[in-house]
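Novice: only the shape, not the letters, is given here:
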């Protein structure tokens, strides 16, 4: 299982690197301007639904039910369940996309809050183009969940590569001709391609496809009963992003873009480590719960929790202390000026403080879902939304972009604490003392790495030395104390 996790991490790492190249090209050709604000705002609305209905969100409900039905009623019955869900998702997303196209201006006005005509007009055109992305990415999400259940992680994970390659190609081909509209078209096409590359593997396993919907199937009913609170649970992060974007729209032009550029960097370790581990762990965790093997469930969860600490803490520390150097290295070209570098690096510092919370929430949420508990994630989500809105309102006028991102970090921390305590009390009796000691050790080792590497001037050398020292310190600890790192 964890071998698959490292393979998925490798693909995700490549994808995130391509994602950075994608953002570098956008920053180089368009900078932090009204055009990029319009594009990123439209993308956030499209990605709002994407994260709700794609990127593994459907899988948190789909995988446990599919696994249970296959175990109890056989493959044919489980496949009928797949047909029903696929066809229902298509009908829903088609309707949602049409509504988005018709009411795009209304959505932008009340969700994003643009007050100037130029950004509103541009965003309105872009959102109409990008609305159809939802259909393909939602279907892609169902297929990816199906493939993950059959341990075909490479195909489903590779969709992110397709997304980035498509937009990179579109950016390079369109910036001299149709400009920012080319990005929107590429965004839509990336959804089509992500869906298409998974279809052959899907058909190979499922053999055939039926355009049928069995509403009377108790598993379909259970899917929707569980899906609604699941969406609300995931809703929190997406609402927080939209709230942040709304408040940022009242600040100076370019703030929305700076927040987006910084988020690409802090989401790098989240995507490579947290989401990869959660995707790989979830089917095994689900099977352990179905078979009522509590020892296996505890072992899988504890290893996942500690592996996240091992990987995320050094990422957090490096992003915080080297934020300015990293932003300058990655984005400091073309139309991305000194003011853009400063603003983006300040945002990155604030985001990095919440990196462990953002990352671990993926695993903690899934630990609830395997037990079919949607209530606690929903409560945590609503509380985090309320805190984020309150802090955004209190901080954005005096602290601008820093206040907005600190509010997001604080809300993620509260979400983490609620989910963490709930898992500990209700489901998995892991050792809190060992977890805190492990986390403290990772933090101390990371701070030592920062101190030593800070004497160097080149950011590449800093990061290389940082990484080497970190692994040496853990290696020494492993040898001298004979600890098993992830247990």
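Specialist: It's in. Remember, it's a predicted structure, so these values are computed and weren't measured experimentally.
Novice: after the helix or strand where residue 262 lies, which helix or strand is next?
Specialist: For residue 262, the element it lies in under DSSP states H and E is helix 255-269. For helix 255-269, the following helix or strand on the C-terminal side (DSSP H and E) is helix 276-290.
Novice: counting by contacts, list what that next one packs against.
Specialist: With contacts taken as 3 or more CB pairs under 8 Å, 6 or more residues apart in numbering; DSSP states H and E, helix 276-290 sits against helix 2-30, helix 59-73, helix 133-149, helix 153-157, helix 294-321, helix 355-369. Where you see a C-beta, it was placed from the backbone N, CA and C, and this is true even at glycine.
Novice: mind doing that once more with 6 Å?
Specialist: Identification of packing neighbours for helix 276-290 by 3 or more CB pairs under 6 Å, 6 or more residues apart in numbering; DSSP states H and E yields helix 2-30, helix 59-73, helix 294-321, helix 355-369.
Novice: how's the protein carved up into domains?
Specialist: Under the assignment the TED database, the domains of the chain span 1-240, 251-484.
Novice: now tabulate these in CSV and tack on mean neighbour count and mean pLDDT.
Specialist: Below are those laid out as CSV (neighbours: other CB atoms under 10 Å; pLDDT from 0 to 100):
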stretch, mean neighbour count, mean pLDDT
domain 1-240, 19, 85
domain 251-484, 19, 88
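Novice: follow-up on the earlier one: figure out which of the helices and strands packed on helix 276-290 is closest to residue 334.
Specialist: Each of the helices and strands packed on helix 276-290 was checked against residue 334 via CB to CB, and the shortest separation belongs to helix 2-30, namely 3.6 Å.
Novice: list of residues touching the helix or strand following the closest one?
Specialist: For helix 2-30, the succeeding helix or strand toward the C-terminus, using DSSP H and E, is helix 34-53. With contacts defined as CB atoms under 6 Å, 6 or more residues apart in numbering, helix 34-53 is touched by 30, 112, 118-119, 122-123, 126-127, 130, 133-134, 137-138, 180, 183, 231, 234, 238, 241, 245, 253, 256-257, 260.
Novice: quick one: helix 34-53 to helix 133-149, angle?
Specialist: Helix 34-53 and helix 133-149 are oriented at 40 degrees to each other (axes from the mean of the first three to the mean of the last three CA atoms, to 10 degrees).
Novice: quick one: the strands in the stretch 101-250 of the chain, in order.
Specialist: With DSSP state E, counting those that start in this stretch as the criterion, the stretch 101-250 of the chain has no strands.
Novice: so which of the helices and strands packed on helix 276-290 is nearest residue 439?
Specialist: helix 294-321 (5.1 Å).
Novice: for the helix or strand following that closest one, which helices and strands make contact with it?
Specialist: Using DSSP H and E, the helix or strand that follows helix 294-321 in sequence is helix 323-331. Counting contacts by 3+ CB pairs under 6 Å, 6+ apart, helix 323-331 packs against helix 338-352.
Novice: how far does the helix it packs on sit from the chain's center?
Specialist: Taking the mean of its C-alpha atoms, helix 338-352 sits 20 Å from the chain's own mean (CA atoms, centre = their mean, to the nearest Å).
Novice: ditto for stretch 109-127
Specialist: Using CA atoms, centre = their mean, the mean C-alpha position of stretch 109-127 is found 25 Å from that of the whole chain.
Novice: about what we covered before: what packs against the helix holding residue 262?
Specialist: helix 2-30, helix 34-53, helix 218-248, helix 338-352.
Novice: ok, back up a step: nearest to residue 329, out of the helices and strands packed on helix 276-290?
Specialist: Judged by CB to CB, the one of those that comes nearest to residue 329 is helix 2-30, at 9.9 Å.
Novice: and the angle from the closest one to helix 255-269?
Specialist: In this structure, helix 2-30 runs at an angle of 160 degrees to helix 255-269, with the same axes, to 10 degrees as the basis.
Novice: got TSV for the helices and strands packed on helix 276-290, with distance to residue 46 too?
Specialist: As requested, the helices and strands packed on helix 276-290 are arranged in TSV below (distance: least, CB to CB, whole Å):
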stretch	distance to residue 46
helix 2-30	15
helix 59-73	20
helix 294-321	26
helix 355-369	21
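Novice: and these: which comes nearest residue 169?
Specialist: Closest approach to residue 169 among these is made by helix 2-30 (9.9 Å; CB to CB).
Novice: between the closest one and helix 338-352, how many degrees?
Specialist: Calculated by the same axes, to 10 degrees, helix 2-30 forms an angle of 160 degrees with helix 338-352.
Novice: check the offset of helix 2-30 from the chain's centre.
Specialist: Relative to its parent chain, helix 2-30 has a centroid offset of 12 Å by CA atoms, centre = their mean.
Novice: quick one: list the elements packing against that helix.
Specialist: Under the contact rule (3+ CB pairs under 6 Å, 6+ apart), helix 2-30 is packed against helix 153-157, helix 159-174, helix 255-269, helix 276-290.
Novice: which of these sits closest to residue 208?
Specialist: Shortest separation from residue 208 across these is recorded for helix 153-157, at 19.0 Å, computed as CB to CB.
Novice: ok now that closest one, how far from the chain's centre?
Specialist: 16 Å.
Novice: helices and strands around that helix, which ones?
Specialist: Helices and strands touching helix 153-157, by 3+ CB pairs under 6 Å, 6+ apart, are helix 2-30, helix 133-149.
Novice: can you add distance to residue 480 and give those back as a markdown table?
Specialist: Below are the helices and strands packed on helix 153-157 laid out as a markdown table (distance: least, CB to CB, whole Å):
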| stretch | distance to residue 480 |
| --- | --- |
| helix 2-30 | 24 |
| helix 133-149 | 39 |
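Novice: and those helices: which comes nearest residue 351?
Specialist: Using CB to CB as the criterion, the shortest distance between residue 351 and the helices and strands packed on helix 153-157 is 14.5 Å, found for helix 2-30.
Novice: just give me the longest helix of the protein.
Specialist: With DSSP state H setting the assignment, residue counts place helix 375-426 as the longest helix in the chain.
Novice: that one vs helix 218-248, what angle?
Specialist: If you take the same axes, to 10 degrees, helix 375-426 sits at 100 degrees to helix 218-248.
Novice: mind giving me the packing neighbours of helix 375-426?
Specialist: In terms of contacts (3+ CB pairs under 6 Å, 6+ apart), helix 375-426 is packed against helix 218-248, helix 338-352, helix 355-369.
Novice: residue most distant from the centroid, this structure?
Specialist: Computed with CA atoms, centre = their mean, the residue of the chain farthest from its C-alpha average is residue 480, at 37.2 Å.
Novice: that one: which element?
Specialist: When secondary structure is defined using DSSP H and E, the element that contains residue 480 is helix 459-481.
Novice: elements contacting that helix?
Specialist: For helix 459-481, the contact count by 3+ CB pairs under 6 Å, 6+ apart identifies helix 432-453 as packing neighbours.
Novice: give me the residues contacting the helix it packs on.
Specialist: With contact meaning CB under 6 Å, 6+ apart, helix 432-453 is reached by 306, 309, 313-314, 317, 321, 462, 465-466, 469-470, 473.
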